[in-house]
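Trainee: I would like to see how this sequence folds:
(2 chains)
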Amino acid sequence: MILDLHAHSIKSDDGRAKVQNYCQWIKARSIPIDGFVLTEHRQFDNESDYSDLAAEFGVTILKASEVETEYGHVLVFGVTPALQASFDFGSINLALKDVIKACNAHGAVAAPCHPGRKRVGMSAHLEEYGVPQGVRIVEVFNGGSRDNEDEVAQRMATDLGYLGIGGSDAHIVSHIGRCATRFPGSIHNEAELVAALKAEQFEAVTFREGEA
Amino acid sequence: MTISKISEVEFGETLPAFQPDTTMPNVRRFAKAAGWEGGRFTDHDHARKEGLPGALVPGIMSQGFLSAMIHHWAPAAQIKNVDTVFRAPVIVDQVYSISGVVTDIDLDSGRVEIDLTVTNEANETRVFGTAKVLLPI
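Mentor: Next up is the predicted model:
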């Protein structure tokens, strides 16, 4: 199963895509993914229920979050009410160690995203803060990467022994599915996604032009 | 092929490719007309002294290119909104391409939403956004 683990909808301040249009696009353009995870910035979308859309289009739609730490942005999979109560998702000054600790306590997974990016990526902060404890997974394919950002991310993952995931980081409809993560089995909900990530059997894939 | 009314539009349709003229003479013409003749738009050396990678194509000029692309595709379109996110600088004298695709259609109102992406020669996104346009019903 292939899931785009990093996408934003109009629920994010800089997101311009409606979830229904993501679904339509995936089908109309035969994008080779089975679903996507909505990782809205600095929040978890408790309100939206995409189960009808998922059924209509035969696409898996899951929800997660993208939070902000001193090491840059971090995807959080497996968000629960208890996890939301444990730290302020809206803060732009979270401590990565606190996010990881909370995720571990509540059965979630934290994964720094676009770690090769200046300012908002983890690698840019290693010299200042050192190698953080507890990171196991980082995003090594990001559909919005420029220059050599993905190469920096992959080199860092290799050097530090991290596993890699992929996500499009789509903010507009036509960018969905540019990068994704392939899992060996089916995933139907957030709990199964967390279990699959913890099983550590996945690979990052890219469908960007010239790289597929 | 140009579009004249909403019924001719299909979801997922790709607009004709558009390569904007981001050469220095054209940017200088725009900057002069807009009253933005500061060196950061019209002089690479000046821009680099400000810490920029080169002279910048003004953001409103990039938005103008996006609008021009839409009107090349649908001359009768009323552009209601062009909403852009600037992810990286658009540098004068570098080659860019603009792509556009239809991502939402409302046949009743004639409203179409279009994804717009400005990419450089490495196919990296510099600017992305969406446009809402009205087409004759």
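Trainee: Around chain A, pick out the residues from chain B.
Mentor: With Cβ under 8 Å from any Cβ of the partner chain as the criterion, chain B comes near chain A at residues B:11-12, B:83, B:85, B:87-88, B:101, B:103-104, B:113, B:115, B:117, B:122-126, B:128-130. In this view, the C-beta of every residue, glycine as well, is placed from N, C-alpha and C.
Trainee: Can the helix ranked longest in chain A be said to contact chain B?
Mentor: Looking across chain A with DSSP state H, the single longest helix is helix A:149-160. No: for helix A:149-160 and chain B, the contact criterion (Cβ under 8 Å from any Cβ) is not met; the two come no nearer than 9.3 Å.
Trainee: Now do that helix, average pLDDT.
Mentor: For helix A:149-160, the mean per-residue pLDDT is 97.
Trainee: Stretch A:23-37 too?
Mentor: On average, stretch A:23-37 scores 97.
Trainee: for that stretch, which positions count as buried?
Mentor: Residues of stretch A:23-37 classed as buried: A:23, A:24, A:25, A:26, A:28, A:29, A:31, A:33, A:34, A:35, A:36, A:37 (neighbour count, 16 or more other Cβ atoms under 10 Å in any protein chain shown).
Trainee: Please identify which pair of those residues lies farthest apart.
Mentor: Distance extremes for the buried residues of stretch A:23-37: the farthest pair is A:28 and A:37 at 20.6 Å, using Cβ to Cβ.
Trainee: Could you check the longest strand seen in chain A against chain B for contacts?
Mentor: What stands out as the longest strand in chain A, according to DSSP state E, is strand A:60-69. No: Strand A:60-69 is not in contact with chain B by Cβ under 8 Å from any Cβ; minimum separation 15.4 Å.
Trainee: Can you name the residues that contact residue A:50?
Mentor: Counting by Cβ atoms under 8 Å, 6 or more residues apart in numbering or on different chains, residue A:50 touches A:19, A:38, A:61, A:63.
Trainee: go with 10 Å
Mentor: The neighbours of residue A:50, taking Cβ atoms under 10 Å, 6 or more residues apart in numbering or on different chains as the test, are A:9, A:19-20, A:22-23, A:38, A:56-57, A:59-63.
Trainee: next one: residue A:102
Mentor: Counted by Cβ under 10 Å, 6+ apart, residue A:102 has contacts A:76, A:82, A:83, A:84, A:85, A:86, A:87, A:94, A:108, A:110.
Trainee: Only whichever of those are buried, select them in ChimeraX.
Mentor: The buried residues among the contacts of residue A:102 can be selected in ChimeraX (16+ other Cβ under 10 Å) with this line:
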select /A:76,83,84,86,87,94,108,110
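Trainee: Can you list which of the contacts of residue A:102 are found in strands?
Mentor: Reading strands off the contacts of residue A:102 with DSSP E, I get A:76, A:110.
Trainee: Could you dump the contacts of residue A:102 into CSV with distance to chain B added?
Mentor: Listed next are the contacts of residue A:102 as CSV, based on distance: Cβ to the nearest Cβ, whole Å:
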residue, distance to chain B
A:76, 23
A:82, 34
A:83, 29
A:84, 27
A:85, 32
A:86, 31
A:87, 27
A:94, 23
A:108, 29
A:110, 24
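Trainee: Among the contacts of residue A:102, which one lies nearest to residue A:124?
Mentor: residue A:94 (16.3 Å).
Trainee: How about the contacts made by that closest one?
Mentor: Contact partners of residue A:94, counting by Cβ under 10 Å, 6+ apart, are A:42, A:67, A:68, A:69, A:70, A:71, A:74, A:87, A:88, A:102.
Trainee: Tell me which two of the residues you listed sit farthest apart.
Mentor: A:71 and A:88 (16.8 Å).
Trainee: Look at these two and report which has more neighbours.
Mentor: residue A:71 (25 against 12; other Cβ atoms under 10 Å in any protein chain shown).
Trainee: Which parts of the chain are strands?
Mentor: Unless you meant another one, I'm taking chain A. A:2-7, A:35-41, A:60-69, A:72-77, A:109-112, A:137-142, A:163-167, A:179-182, A:203-206.
Trainee: Can you look at chain B instead?
Mentor: Under DSSP E, chain B gives strands at B:78-86, B:96-106, B:111-120, B:125-134.
Trainee: could I get the ones you listed as TSV with mean neighbour count, mean pLDDT and distance to residue A:117?
Mentor: What follows is the strands of chain B, written out as TSV (neighbours: other Cβ atoms under 10 Å in any protein chain shown; pLDDT from 0 to 100; distance: least, Cβ to Cβ, whole Å):
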stretch	mean neighbour count	mean pLDDT	distance to residue A:117
strand B:78-86	14	94	15
strand B:96-106	19	96	21
strand B:111-120	22	95	17
strand B:125-134	21	94	13
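Trainee: and of those strands, who's closest to residue A:209?
Mentor: Distance to residue A:209, taken as Cβ to Cβ, is lowest for strand B:111-120 among the strands of chain B, at 9.8 Å.
Trainee: Put the alpha carbons of that closest one into CSV.
Mentor: This file holds the C-alpha atoms of strand B:111-120, laid out as CSV (Å, rounded to 0.1, in the frame of the first residue of the first chain):
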residue,chain,number,x,y,z
ARG,B,111,-16.5,29.1,-11.5
VAL,B,112,-13.3,27.2,-12.2
GLU,B,113,-10.3,26.8,-9.8
ILE,B,114,-6.9,26.4,-11.3
ASP,B,115,-3.7,25.2,-9.6
LEU,B,116,-0.7,27.3,-10.8
THR,B,117,2.9,26.4,-10.3
VAL,B,118,6.0,28.4,-11.3
THR,B,119,9.0,26.1,-11.7
ASN,B,120,12.6,26.6,-12.6
